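**Q** Here is a sequence together with a model predicted from it:
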Amino acid sequence: MPELPEVETVKNGLNKIIKNKKIMDVKVHKKQLRNKIPTTFKKNLLNSKIIEVRRRAKYLVFDLSQGKLINHLGMTGNWKLKDSSYKKEKHDHVELVLSNKKRLIYNDPRRFGVMLYSKNEETYFAGKKHGAEPLSREYSFKYLKNKLINKIAPIKAVLMDQAVVLGIGNIYVAETLYKCGVSPLRPANQVTDEELKLIVKHSKQVLKQAIKSGGSTIKDFKKAGGESGYFQTKLQVYGREGELCRKCHIPVENIKLSGRSSFWCPSCQK
């Protein structure tokens, strides 16, 4: 699933290619995503100008001259920009024909994405429990300490809880905890103050580095335009089960926590 850096990368890519373009036509090829695209979708978007694309948690919010287009990439969603000669492909769901005659197409093989129009995004997000954005000032040592004080669940599971912190995700939690020398199995309320400070510091650094690198190439993730990210070349533990730790040369292990693969070094992470 695309995580925060991947969504940020897509957002940056989209702004470079569609900002200030007008939506001249809307084609809904397949209605069924996580939500069913309503029949009013085309009418609501038609003739709107795309002012800017923002990231909110792991969502993309298209600020339009008339309302908002809200998109979640789900597991395999991606946007691609094509010219007028493009022929529709199997998993294309939505096609926006832009004022420069380019076509912006949302493709989603597994159909876990979200695509909807809203006059006010708060109407959609109001019922969702969202913690702090990890790249914001709100996400601080004090904030995290307050969130973890009574939690006995493993620190890795807690950091992936969207009600605690938004969108760090599996890859980047694994890399952060490795840099901090903290086991993913450690109960959250047993992480020391100094370690919490390191978690805040390194999670911000890891995410910024991943965004700068264009995200990680994981499964079907593609940047806007179709290219892949390359942060995967810098991963220290994620996806390296059985390979030697770059610090201590002990094999990296992989355990399941909350149903997710959790890569770690049993020697470096206590």
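**A** Cool, the structure landed. Model, not experiment: these values are computed from the prediction.
**Q** quick check: longest helix of the chain.
**A** helix 193-213 (DSSP state H).
**Q** Which stretches in the stretch 1-150 of the chain count as helices?
**A** 4-18, 41-45, 121-125, 141-148 (DSSP state H, counting those that start in this stretch).
**Q** Just the C-alphas of the second one, formatted as CSV.
**A** Taking C-alpha atoms only, helix 41-45 is exported to CSV below (Å, rounded to 0.1, in the frame of the first residue of the first chain):
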residue,chain,number,x,y,z
PHE,A,41,-19.5,12.6,-10.3
LYS,A,42,-19.1,13.8,-13.9
LYS,A,43,-21.5,16.7,-13.5
ASN,A,44,-19.8,17.9,-10.3
LEU,A,45,-16.3,17.9,-11.8
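**Q** Look up the residues forming beta bridges with residue 70.
**A** residue 61, residue 116 (DSSP bridges).
**Q** residues near it, how many?
**A** Per other CB atoms under 10 Å, the neighbour tally for residue 70 reads 20. (Glycine included, C-beta is placed from N, CA and C.)
**Q** who's in contact with it?
**A** 59, 60, 61, 62, 114, 115, 116, 117, 118, 121, 124 (CB atoms under 8 Å, 6 or more residues apart in numbering).
**Q** one more time with 7 Å
**A** By CB atoms under 7 Å, 6 or more residues apart in numbering, residue 70 lies in contact with 59, 61, 114, 116, 118, 121, 124.
**Q** next one: residue 244
**A** 250, 251.
**Q** 6 Å instead?
**A** Neighbour list for residue 244: empty [criterion: CB atoms under 6 Å, 6 or more residues apart in numbering].
**Q** Angles on the backbone of it, please.
**A** phi -80, psi 140 (degrees, to the nearest 10).
**Q** separation between residue 95 and residue 82?
**A** Residue 95 sits 9 Å away from residue 82, going by CB to CB, to the nearest Å.
**Q** For the two, list the residues in contact with both.
**A** residue 103.
**Q** sorry, back to before: quick one: which two of the contacts of residue 70 are the most distant?
**A** Among the contacts of residue 70, the pair separated by the greatest distance (CB to CB) is 114 and 121, at 12.2 Å.
**Q** Can you give me the neighbour number for the residue nearest to residue 109 when sequence neighbours are not counted?
**A** Once flanking residues are discounted, residue 109 sits nearest to residue 91: 4.4 Å by CB to CB, 6 or more residues apart in numbering. Neighbour count for residue 91, taken as other CB under 10 Å: 18.
**Q** Contacts only, for residue 91.
**A** Residue 91 touches 107, 108, 109, counting by CB under 6 Å, 6+ apart.
**Q** Just among those, which is most surrounded?
**A** Ranking the contacts of residue 91 using other CB under 10 Å puts residue 108 first, with 26 neighbours.
**Q** buried sites along the helix or strand of the chain with the lowest mean pLDDT?
**A** Within the chain, no helix or strand scores below helix 121-125, which has a mean of 89 by mean pLDDT, DSSP states H and E. For helix 121-125, a neighbour-count test (16 or more other CB atoms under 10 Å) marks 121, 124 as buried.
**Q** what's the answer for stretch 78-88, then?
**A** 78, 79, 80, 81, 82.
**Q** Save these as JSON lines, and put in pLDDT too.
**A** Shown next, in JSON lines, are the buried residues of stretch 78-88 (pLDDT from 0 to 100):
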{"residue": "78", "pLDDT": "93"}
{"residue": "79", "pLDDT": "95"}
{"residue": "80", "pLDDT": "93"}
{"residue": "81", "pLDDT": "93"}
{"residue": "82", "pLDDT": "94"}
